[in-house]
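Colleague: Fold the following and give me the result.
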Amino acid sequence: MAYTLDEVAFLATHTDDIAAATAGLAFTRSSLLDDVAVLRARFGEHGRAVTELAQARRSATAHGKFPADWLTDLDAAQQATPQVVAAQRAARLRRVLGADALIHDVTCSVGTEGASISGRYLGSDLDPVRLAMARHNLGADAWLVRADATVPASRGADAIVADPARRAGGRRITHPDQLLPPLPDLLAAWPGQELAVKCAPGLDFSDWDGLVSLVSVDGGVKEACLYTPGLADGERREAIVISGGEVDRLTDAQPDDVGAGEPGRYLIDPDGAVVRAGLVRHYAAREGLWMLDERIAYLTGDDIPAGRSGFPVEQIVPLKKLKAALGSDVGSLEILVRGVDVDPDVLRKKLKLRGSRPAAVVCTRIGTQGVAIVCGPREHRPARN
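Modeller: Have a look, this model is predicted:
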């Protein structure tokens, strides 16, 4: 539930009390009723707001979205961009536009983007409660105004940043035209302006005339960002892979001259940002890998790329012969599937594993045949120093 302005004012002026009162509470499914009762007894009518703030803060800080002392509600915490991702967007904007550029964040919410953008920043949002939280989070000197994202409240900004809602009716939105506000409405509202529009990574970006940037953090794809051509730096696709604090950037400006061939020593499953950005060939070319099949995003090679993991290839068999190939000594099995109609949970039950040896199997397609690539357990190669 959203807060009222009175609740935001209370939360902002009782930060120390709230931190002390919530520090020892678990907020698990089994403890929640008791936790709520404790907070209502201490904070009276504001107990509900304190409960939501504590839950939202724990969720947001666990995913690196903003500092633990920020004000936020559950919805804002869920949609907020992790700080390491926002920092990459800010770096692109400053690199392309210069350090003195004015960035107008037209859906500023509680201020996540503003915390990452150094220099001139204007934040606006239609929700006065979110603006009040942003004022607390960014400081009294932050330049914030109330405005609809589709009704321009500024002139002369060098770039517009927008983060439309990515869910409707509890379901994920699957096309940019269905965002709230819709992408066409944002473009129409800011004609001639450069835009950076944050989106869910699973949207259909095929019609976008600019750069699509996919970002993953520690193996999970967090966000896509659509940049208009003036912010694209001549690129159309970008994958940013953040792992252990290290940032790896790949674009379609890099070579992609690789083909398919027989399996090497290892099978490599590229990071999800690389796959969703359509940069599997570019990644293979950079890392000295090649494809097993021209249309399937699995790679192979004789070495695992630095900072990544791979599976030592043992044998390739038709899918129907997988059980016999595994034998009786396999007990734990990591299952990957791409390009064939195989449900990992159903397959695991059918295999009835009884042994003790760990292994992995990749169910995929090579040419017209569905195959199972039987591998040893996943191996990790340290990142370069």
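Colleague: does the residue positioned nearest the centre of the chain sit in a helix, a strand or a coil?
Modeller: With distances taken as Cα atoms, centre = their mean, residue 222 lies nearest the centre of the chain, 0.2 Å away. With DSSP: H, G, I helix; E, B strand; the rest coil as the basis, residue 222 sits in strand.
Colleague: now the one 4 residues further on
Modeller: Following three-state DSSP, the label given to residue 226 is strand.
Colleague: check contacts around it.
Modeller: Applying Cβ atoms under 8 Å, 6 or more residues apart in numbering, we find residue 226 in contact with 176, 183, 195-197, 199, 205, 208, 210-213. (Each C-beta comes from the backbone N, C-alpha and C, glycine too.)
Colleague: run the last query once more with 6 Å
Modeller: 197, 208, 212 (Cβ atoms under 6 Å, 6 or more residues apart in numbering).
Colleague: Distance check, the first one against residue 224.
Modeller: Right, the one you point to is residue 197. Taking Cβ to Cβ, to the nearest Å as the measure, residue 197 falls 9 Å from residue 224.
Colleague: Which pLDDT does the model give the residue nearest to residue 81 when sequence neighbours are not counted?
Modeller: Nearest residue to residue 81 in three dimensions, chain neighbours excluded: residue 112, at 5.5 Å (Cβ to Cβ, 6 or more residues apart in numbering). Confidence at residue 112, expressed as pLDDT, is 94.
Colleague: you'd agree residue 112 is up against residue 82?
Modeller: No. Using Cβ atoms under 6 Å, residue 112 is not in contact with residue 82; the gap is 8.7 Å.
Colleague: Pick out whichever of those two has more residues nearby.
Modeller: residue 112 (28 against 21; other Cβ atoms under 10 Å).
Colleague: dump the residue contacts of the more buried one.
Modeller: Listed by Cβ under 6 Å, 6+ apart, the contact set of residue 112 reads 66, 80-81.
Colleague: Export those residues to CSV and append columns for distance to residue 369.
Modeller: Shown next, in CSV, are these (distance: Cβ to Cβ, whole Å):
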residue, distance to residue 369
66, 49
80, 45
81, 42
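Colleague: between the residues you listed, which is nearest residue 338?
Modeller: For those, the closest approach to residue 338 (Cβ to Cβ) belongs to residue 81, at 27.8 Å.
Colleague: Check the gap between that closest one and residue 162 for me.
Modeller: Distance, residue 81 to residue 162, by Cβ to Cβ: 12 Å.
Colleague: repeat for residue 212
Modeller: 15 Å.
Colleague: Kindly report the same for residue 330.
Modeller: On the measure of Cβ to Cβ, residue 330 and residue 162 end up 49 Å apart.
Colleague: okay, those two: which has more neighbours?
Modeller: Shown here are residue 330 and residue 162; by other Cβ under 10 Å, residue 162 has more neighbours (25 against 20).
Colleague: so that one makes contact with residue 194?
Modeller: No. If you go by Cβ under 6 Å, residue 162 and residue 194 don't touch, sitting 11.6 Å apart.
Colleague: Residue 364 is in what secondary structure piece?
Modeller: strand 357-366 (DSSP states H and E).
Colleague: Give me the contacts around that strand.
Modeller: Residues outside strand 357-366 that contact it (Cβ under 6 Å, 6+ apart): 267, 292-293, 296, 298, 311, 329-330, 332-340, 342, 372-375, 377.
Colleague: Can you tell me the strand partners of it and which way each runs?
Modeller: If you go by DSSP bridges, strand 357-366 pairs up with strand 330-337 (parallel), strand 369-375 (antiparallel).
Colleague: in it, what counts as buried?
Modeller: 359-366 (16 or more other Cβ atoms under 10 Å).
Colleague: In these, find the pair that's most separated.
Modeller: In those, the most distant members under the criterion Cβ to Cβ are 359 and 365, with 20.6 Å between them.
Colleague: In contact with residue 378, which residues are there?
Modeller: Residue 378 makes contact with 309, 311, according to Cβ under 6 Å, 6+ apart.
Colleague: quick one, phi/psi of it?
Modeller: Backbone torsions for residue 378, taken as degrees, to the nearest 10, come to phi -60, psi 140.
Colleague: How about residue 270?
Modeller: phi -60, psi 160.
Colleague: if I look at it, how far off is residue 237?
Modeller: As judged by Cβ to Cβ, residue 270 and residue 237 stand 13 Å apart.
Colleague: Those two - which one has more neighbours?
Modeller: Legend: neighbour count by other Cβ under 10 Å for residue 270 and residue 237, higher for residue 270 (24 against 20).
Colleague: For that one, list the residues it contacts.
Modeller: Per Cβ under 6 Å, 6+ apart, neighbours of residue 270: 280, 283.
Colleague: and if you look at residue 166?
Modeller: Neighbour list for residue 166: 173, 200 [criterion: Cβ under 6 Å, 6+ apart].
Colleague: Quick check: the gap between it and residue 220.
Modeller: 15 Å.
Colleague: Distance across stretch 364-377, terminal residue to terminal residue?
Modeller: In terms of Cα to Cα, to the nearest Å, the two terminal residues of stretch 364-377 are separated by 17 Å.
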